[in-house]
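Enquirer: Show me how the following folds:
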Amino acid sequence: MSIFPLAIKETKTAMTRSAVLTQSTNSVLMVRPCRFYPNPETASDNAFQARVDCSVDELSRVGRKEFDVAVQKLQAAGVNVHVFEDTAKPEKPDAVFPNNWISTHHDGRIALFPMYSALRRQERRHDIISELRKHYRVTEVIDYSGLEKKGCWLEGTGSLVLDHLNKIAYVSLSNRSDPKVIRRFTEDFSYEPVTFTSIGSDGQPIYHTNVMMCIGTAFALVGLEMILNKAERRQVRARLERTGKDIVELSPHQIENFAGNAIELHNRDGEKLLVLSKRAIRALTKEQCVRLTRYVGLVPLELPTIELGGGSARCMIATIHLTPRL
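Expert: Numbers count the residues shown, from 1 in each chain. The predicted structure follows:
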């Protein structure tokens, strides 16, 4: 079942903006959770997950409430939100984080990604793709999921932080981001790969790039301090500077509080927005917030329960860069 809370037939001017090559988009895909809880299969390498004492029923109930309020907040900000209901069976505790299995692109292509957790592989839904085809021009679906059989994973725009304007794919290497699949994706979609390793406070590689890095049109949020290899750190900084990004550096503490797990969108009038959680905003300094508001309006979402699953605002949002059918 799919729900389209905002009318798909908006004004032609507003709806065709995302068809142009832009960093942000006005339309997003989100999945309303059915059974939500921290995934036991990913706890070992996702330091952002938390242990919980309450029941799955209670977590699911509160998670759905947070999700619904988040959708309302995005709609009120002028974002076109396509909401799909998670299916009850099979259970998919991370279904609320669809950006890991699907990405959409300006040229009409959709990519489907290989997932590390077997529980997560059921999140890929062809009914969602069929629904998108009704409203957007889809030219091709490139499915990398068969690489799961070879133990190779690349978890969508969790693993890949894409600079669409400069065709750069930033990737923090981990067991969720296999170099062979990175190479396949960047060759197929004509992105330049910039790979590095970032290390969390637990001494382990950060599991997804999008918890420590966000690329906007004119700025970048990034935990450079967590890239311990100095040559790699210099490479990332230099690439961001050469593409004209105002670099807002995040501390490990800010990363741990999801300050890097943000996404730039724009509203129906083309005004740029930065969507992130209230926990993330509280972790930012006043000076950082002032710098960001030169470029974007801040849209904070209250997500304390959903964040127990190890992801935050950016993980909940799969951006739609496809051209609308008008």
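Enquirer: which residues of the stretch 101-250 of the chain fall in strands?
Expert: With strands called from DSSP state E, counting those that start in this stretch, the stretch 101-250 of the chain shows them at 102-104, 109-112, 136-137, 140-143, 160-163, 168-172, 192-196, 213-215, 219-222, 246-249.
Enquirer: can you list these in a markdown table and add mean pLDDT, distance to residue 30 and mean neighbour count?
Expert: Placement of C-beta: from N, CA and C, glycine included. Converted to a markdown table, these look like this (pLDDT from 0 to 100; distance: least, CB to CB, whole Å; neighbours: other CB atoms under 10 Å):
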| stretch | mean pLDDT | distance to residue 30 | mean neighbour count |
| --- | --- | --- | --- |
| strand 102-104 | 98 | 12 | 23 |
| strand 109-112 | 98 | 16 | 20 |
| strand 136-137 | 98 | 16 | 18 |
| strand 140-143 | 98 | 20 | 13 |
| strand 160-163 | 98 | 19 | 24 |
| strand 168-172 | 98 | 23 | 24 |
| strand 192-196 | 98 | 28 | 17 |
| strand 213-215 | 98 | 18 | 26 |
| strand 219-222 | 98 | 21 | 26 |
| strand 246-249 | 98 | 26 | 16 |
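Enquirer: Quick check, residue 317 in contact with residue 100.
Expert: No - using CB atoms under 8 Å, residue 317 is not in contact with residue 100; the gap is 11.4 Å.
Enquirer: my guess is residue 30 contacts residue 320, does it?
Expert: No - between residue 30 and residue 320 there is no contact under CB under 8 Å: 10.5 Å.
Enquirer: Spit out the residues that contact these two alike.
Expert: Jointly contacting residue 30 and residue 320 under the rule CB atoms under 8 Å, 6 or more residues apart in numbering are residue 82.
Enquirer: Now do the buried residues in stretch 149-163.
Expert: Buried residues in stretch 149-163, counted by 16 or more other CB atoms under 10 Å: 152, 153, 154, 155, 156, 157, 158, 159, 160, 161, 162, 163.
Enquirer: Kindly report the same for stretch 304-324.
Expert: Buried residues in stretch 304-324, counted by 16+ other CB under 10 Å: 305-324.
Enquirer: now stretch 182-200
Expert: Residues 182, 184-186, 189, 191, 194-200 are the ones in stretch 182-200 that count as buried (16+ other CB under 10 Å).
Enquirer: And those, which is the shakiest by pLDDT?
Expert: Between these, the one the model trusts least by pLDDT is residue 200, at 92.
Enquirer: Do me a favour and get the backbone dihedrals for that one.
Expert: Per-residue torsions, residue 200: phi -80, psi 180 (degrees, to the nearest 10).
Enquirer: can you pull the contacts of it?
Expert: Per CB under 8 Å, 6+ apart, neighbours of residue 200: 47, 206, 226, 252, 255, 256.
Enquirer: one step back: filter the buried residues of stretch 304-324 down to just the ones in helices.
Expert: Among the buried residues of stretch 304-324, DSSP state H puts none in helices.
Enquirer: in the biggest helix by length in the chain, what counts as buried?
Expert: Longest helix in the chain, counting residues (DSSP H): helix 56-76. Buried residues in helix 56-76, defined by neighbour count with 16+ other CB under 10 Å: 59, 60, 62, 63, 64, 66, 67, 70, 71, 73, 74.
Enquirer: Export those residues to JSON lines and append columns for distance to residue 87.
Expert: Formatted as JSON lines, those follow (distance: CB to CB, whole Å):
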{"residue": "59", "distance to residue 87": "18"}
{"residue": "60", "distance to residue 87": "14"}
{"residue": "62", "distance to residue 87": "20"}
{"residue": "63", "distance to residue 87": "16"}
{"residue": "64", "distance to residue 87": "14"}
{"residue": "66", "distance to residue 87": "20"}
{"residue": "67", "distance to residue 87": "15"}
{"residue": "70", "distance to residue 87": "20"}
{"residue": "71", "distance to residue 87": "18"}
{"residue": "73", "distance to residue 87": "25"}
{"residue": "74", "distance to residue 87": "23"}
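Enquirer: Dump those to a markdown table, plus pLDDT and distance to residue 24.
Expert: Output for these, formatted as a markdown table (pLDDT from 0 to 100; distance: CB to CB, whole Å):
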| residue | pLDDT | distance to residue 24 |
| --- | --- | --- |
| 59 | 91 | 31 |
| 60 | 93 | 31 |
| 62 | 93 | 30 |
| 63 | 95 | 26 |
| 64 | 97 | 27 |
| 66 | 98 | 23 |
| 67 | 98 | 22 |
| 70 | 98 | 18 |
| 71 | 98 | 18 |
| 73 | 98 | 17 |
| 74 | 98 | 13 |
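Enquirer: Return the member of these nearest to residue 289.
Expert: Nearest to residue 289 among these: residue 73, at 17.8 Å, using CB to CB.
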